[in-house]
Each structure stands twice: as structure tokens, then as C-alpha cells.
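In: What shape does this take:
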Amino acid sequence: MYSELLQEFVVFMLDIKLWSGRKSLRPEDLSAGGIDITSLPPGSLASLGSKRMISQDALAPFAAIKREAEKLCLAVGTRFLGGYAIPNHAVDDLRGKLDQLQLQYLQQRKALCQNYDQAVADWIDENPQQWSNIIRAAIEPVTSVRRALQFSYTPVAVSAPEGLGCNALDKQLNGLLGQLCHEIRQQAKTAYRTSYLNKIQVTRKALRPIHAIRQKLIGLFFLDPLISATIRTIDETLAAVPDQGALEGVILNQLSGLLGGQLANLGRATVEEQQCSETDDDEVAIDSINNAEVYAQGGPVVCGTSALKWDF
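Out: Numbering: from 1, shown residues only. Next up, the predicted model:
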């Protein structure tokens, strides 16, 4: 049923491993630091947590690179089967960007390993002296750190095994549209709250998330023809934006309505239907996006919300 759809994208599996720089904190560690462990709550009530053997700042670049890799995949694709469904036209560009991130990651790993002893020594100096031996006892060899920090990715073409049926795969593919709508909703809500909520004027930078959403929808329009209706809505709204200057008044209200109204509810029931049914807390329309103000100005240009009535 979905064999044609599978030809439209490649699944990128990211395998980016981080090293926490932590070990479990034990009662004897606290005892060595002068703490009476008999006063500790039982293990069934509370755990001791962990001890850090290196500064968090020393490991921050690896987490940042991982987040950037995930962000790049989500910019052009949508989550699928534990990875990201990436449209064919975006594969080569994404591979180039991930290769650059992989290089950065490996360079950061090399720098950390070269300066590992000093980084640990600095961390010991930053903490009270009575904990020095506890930190030293927890130190991992640099070879373990190098093995723990890994960056790789694998592009995969998906198909159902011959003769085994594909009902499960069909179900996953059927959920692709819902996953895309969910991601667009979250993206739109974040942009609305950050750049538009309670603003009477915004700079042109506020257009960037709308363009980003548009590009993502264009790349994945093959998931459902009705996505093109939303793209047209975005284009019609952007066409009314002046070529220069700050954004305010009617056009600001239209952009707010587009983000905080239509895109923040993409794939959900219409407003009228939502008023007659229960909604999840994390998917509630944003403060009605100041509807009185928006619609007093003629309301946002809307095309596609009434057609896109999937209720996930």
C-alpha cells in the first residue's frame, strides 16, 4: 500500500554517543568526605546520585554537536523508526552537513583526550580538598573516554521483507503525517511564544521560523496532497509582508494568526470541533492567540486548516 511512499525518502539513523563524566556516588564516598552515612535515608527511599569527575564545560561541545545534528535532520525531515525520514532531494546536502559535524566532533574528542589529565586536575582544584581523593578514584582512563565518545550516522533505504507482510510497516508509515504535524505544531508554538506573543512590533528575523516551516513542508509534501494547501497559505501570508522595515499592525496579526493559530494546530480538528471535545494539555491552542485582536483586523489568511482535519 505504501511502497510508493517508501521511494520518496531515506531514513537517517544517528548514532552519537556522549560521555557523562560521572560515576555513581557511594556511601563510602560520603564517609570519606566526613559525612555520617548512618543518617542517610534507605536506598528504597532515595538514591545518592552521581559524582562528576570532570567539568561539565569540558563535555558541553559534544552535547551541542549532537543537538545540532538532530536539528539538521528535523529541519528537512521527520522522526521515523528511531531515525529521521529525509526526502531524497535533501539527502546529499544533509550528508555533507553531518560529515562536517562528525569532523568537528572528532576534533573536539581529540582535543579533550590530549588535555584530559589537565582537565581532570583543574576539576579537582575547583572542588573542596576533602573530595579530591574521591574524584581521583573515579577517574576513567583516557582510552575509555575516547571509546565512549562516538559520532556516526547511517542512511537506510526501508522496505518490508518479502513474504513477511508489511502491516506493521504500513502502520508506521501511516503515522508519518501525524508525526510531521506534531513537529510543525511544536515548532510553530515555540516561534509564536518567542517572537510574537504580546508583541506590537517585531523585526524581520521573526519571519525565519515561518520560512523554516515552509521549507520542511515543501520537502515532505508527498506525505499528503493537502499539505500543499498549508504551503499556499504560508505563501499568501508572506506575499503580504512588506519588502523592508519592522512588522506591525495588520501584517503582524496575520503572521501571529498563521503561527499561533493555523500552524500551531496543524493536523488537529478545527477550532469549532475543538470547543466540543477534550484536548491534551500539551496540544491546547496557544491562549487563543489573542483572537479578538487578530480577527478584529480581518484575521489571518487561512487556507488548509479546514481541509487538514486529521485528529492525532
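
In: So, low pLDDT: which residues of the chain?
Out: Scanning the chain with the threshold set as pLDDT under 70 gives 1-3, 25-49, 163-166, 269-312.

In: Find the residue at the geometric middle of the protein.
Out: Centre of the chain computed as the mean C-alpha position; nearest residue by CA atoms, centre = their mean is residue 71, 5.8 Å away.

In: So in the protein, which strand runs the longest?
Out: strand 9-17 (DSSP state E).

In: Relative to the whole chain's centre, how far out is that one?
Out: 14 Å (CA atoms, centre = their mean, to the nearest Å).

In: The closest residue to residue 136 other than its chain neighbours: what's it in contact with?
Out: The spatial neighbour of residue 136 that comes closest, neighbours along the chain excluded (CB to CB, 6 or more residues apart in numbering), is residue 124 at 6.9 Å. In this view, the C-beta of every residue, glycine as well, is placed from N, C-alpha and C. With contact taken as CB atoms under 8 Å, 6 or more residues apart in numbering, residue 124 is in contact with 132, 135, 136.

In: you'd agree the second one is up against residue 55?
Out: No. In terms of CB atoms under 8 Å, residue 135 does not count as a neighbour of residue 55; the distance is 11.1 Å.

In: what sits in contact with each of these two?
Out: If you check residue 135 and residue 55 against CB under 8 Å, 6+ apart, the residues they both contact are residue 123.

In: Have a look at those two and say which one is more surrounded.
Out: With other CB atoms under 10 Å as the criterion, residue 135 and residue 55 differ in neighbour count, and residue 135 comes out ahead with 20 against 15.

In: SS state for that one?
Out: Going by DSSP: H, G, I helix; E, B strand; the rest coil, the secondary structure assigned to residue 135 is helix.

In: Could you check how far it is from residue 238?
Out: The gap separating residue 135 from residue 238 is 55 Å, by CB to CB, to the nearest Å.

In: same thing with residue 77?
Out: Following CB to CB, the distance that separates residue 77 from residue 238 is 23 Å.

In: so how many other residues sit close to the closest residue in space to residue 53 that isn't next to it in sequence?
Out: Closest residue to residue 53 in three dimensions, ignoring its sequence neighbours and counting by CB to CB, 6+ apart: residue 138, at 4.7 Å. In terms of burial, residue 138 registers 20 neighbours under the definition other CB under 10 Å.

In: so who does residue 138 touch?
Out: For residue 138, the contacting residues are 23, 51, 53, taking CB under 8 Å, 6+ apart as the criterion.

In: try residue 205
Out: Counting by CB under 8 Å, 6+ apart, residue 205 touches residue 195.

In: thinking again about what came up before, what about residue 77 and residue 238, which has more around it?
Out: Relative neighbour count places residue 77 above the other of residue 77 and residue 238, with 25 against 17, counting by other CB under 10 Å.

In: was I right about that one contacting residue 88?
Out: No. Between residue 77 and residue 88 there is no contact, the gap being 10.8 Å when judged by CB under 8 Å.

In: what touches both of these two?
Out: residue 9.

In: Can you say which helix or strand has residue 23 in it?
Out: Element membership of residue 23, judged by DSSP states H and E, is strand 22-24.

In: go on, residue 86?
Out: Using DSSP H and E, residue 86 falls in strand 83-87.

In: what's the distance between that strand and the middle of its chain?
Out: With CA atoms, centre = their mean as the basis, the distance from the averaged C-alpha position of strand 83-87 to the chain average is 14 Å.

In: Give me the angle between that strand and strand 9-17.
Out: Relative orientation of strand 83-87 versus strand 9-17 (axes from the mean of the first three to the mean of the last three CA atoms, to 10 degrees): 140 degrees.

In: Past strand 83-87, which element shows up next along the chain?
Out: Once the chain leaves strand 83-87, the next helix or strand it forms, by DSSP H and E, is helix 91-114.
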